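In: sequence and predicted structure are below.
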Amino acid sequence: MIYWYIFLAFFIPGILGYGGGPASIPLVEKEVVDRYGWMTTQEFGEVLALGNALPGPIATKMAGYIGYMEGGILGSVIALFASVAPSLILMILLMVTLLKYKDSPKVKNITKLIRPVISVLLGAMTLQFFMTSVDTSGSVQTVILIVISYWMLEIRKIHPAFVILLALAYGGISGFL
């Protein structure tokens, strides 16, 4: 029965916590501390602090830890699944709906309208990265990285993951010089 309770403790906040992990944390606390009594408020606060300190989504880290503490490895897996299941279910339903109506003129028009918006958002993000790079590394280093990255990606056809790793290595080495 503990596995069912673990599932409910993370699935319900996942459904009701509109706004992502941080929005669902008070709901998880209500379940874990008040409803099931698995932790005290102090312990929950410590788990939350640890979750904030580590990289990645807070809700899934907390779910994995709390699930493990209450139900071992299987409890951890169940809690992780329960925390992502609402989003997963909605994405599957959305994809099924889009695939069902993919030939509809309305869906095609929506796709045509979304592409420019995504392009503008990606362009703005690129400009922001460029400005940050110029501010922190200087314009010469930034231009060198852009030119070499372009050459590696477009001319040499090197996989982007390797280009990113080489850029990180270059940044690390140039930071020491």
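Out: Nice, I can see it.
In: could you check how far the residue minimising distance to the centre of the chain is from residue 99?
Out: Centroid check for the chain by CA atoms, centre = their mean gives residue 57 as the closest residue, at 5.9 Å. Distance of residue 57 to residue 99, given as CB to CB, to the nearest Å: 27 Å. Heads up, the C-betas are built off the backbone N, CA and C, glycines and all.
In: can you give the domain ranges for this structure?
Out: With domains defined by automatic domain parsing, the chain comprises 2-100, 105-176.
In: low pLDDT regions in the protein?
Out: 18-21, 175, 177 (pLDDT under 70).
In: have a look at it and report its longest helix.
Out: For the chain, the longest helix by residue count, based on DSSP state H, is helix 58-100.
In: quick one: list the elements packing against that one.
Out: helix 2-16, helix 21-29, helix 41-53 (3 or more CB pairs under 8 Å, 6 or more residues apart in numbering; DSSP states H and E).
In: extract the CA atoms of the longest one and return them as CSV.
Out: Okay, so that is helix 2-16. Taking C-alpha atoms only, helix 2-16 is exported to CSV below (Å, rounded to 0.1, in the frame of the first residue of the first chain):
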residue,chain,number,x,y,z
ILE,A,2,3.0,2.3,0.6
TYR,A,3,3.7,2.4,-3.1
TRP,A,4,0.2,3.6,-3.9
TYR,A,5,0.6,6.3,-1.3
ILE,A,6,3.9,7.4,-2.8
PHE,A,7,2.3,7.5,-6.2
LEU,A,8,-0.6,9.7,-5.0
ALA,A,9,1.7,11.9,-2.9
PHE,A,10,3.5,13.0,-6.1
PHE,A,11,0.9,12.5,-8.8
ILE,A,12,-1.8,14.8,-7.2
PRO,A,13,0.6,17.8,-6.8
GLY,A,14,1.8,17.2,-10.4
ILE,A,15,-1.7,17.6,-11.6
LEU,A,16,-2.7,20.5,-9.4
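In: quick check: angle from it to helix 58-100?
Out: 70 degrees (axes from the mean of the first three to the mean of the last three CA atoms, to 10 degrees).
In: got it, and the second one?
Out: Between helix 21-29 and helix 58-100, the angle comes out at 120 degrees (the same axes, to 10 degrees).
In: hmm, who's touching helix 21-29?
Out: 9-10, 12-14, 16-17, 41, 44, 48, 57-60, 62-63, 66, 83 (CB atoms under 8 Å, 6 or more residues apart in numbering).
In: starting at the chain centroid, how far to that helix?
Out: 16 Å (CA atoms, centre = their mean, to the nearest Å).
In: what are the buried residues along it?
Out: Residues of helix 21-29 classed as buried: 21, 24, 25, 27, 28, 29 (neighbour count, 16 or more other CB atoms under 10 Å).
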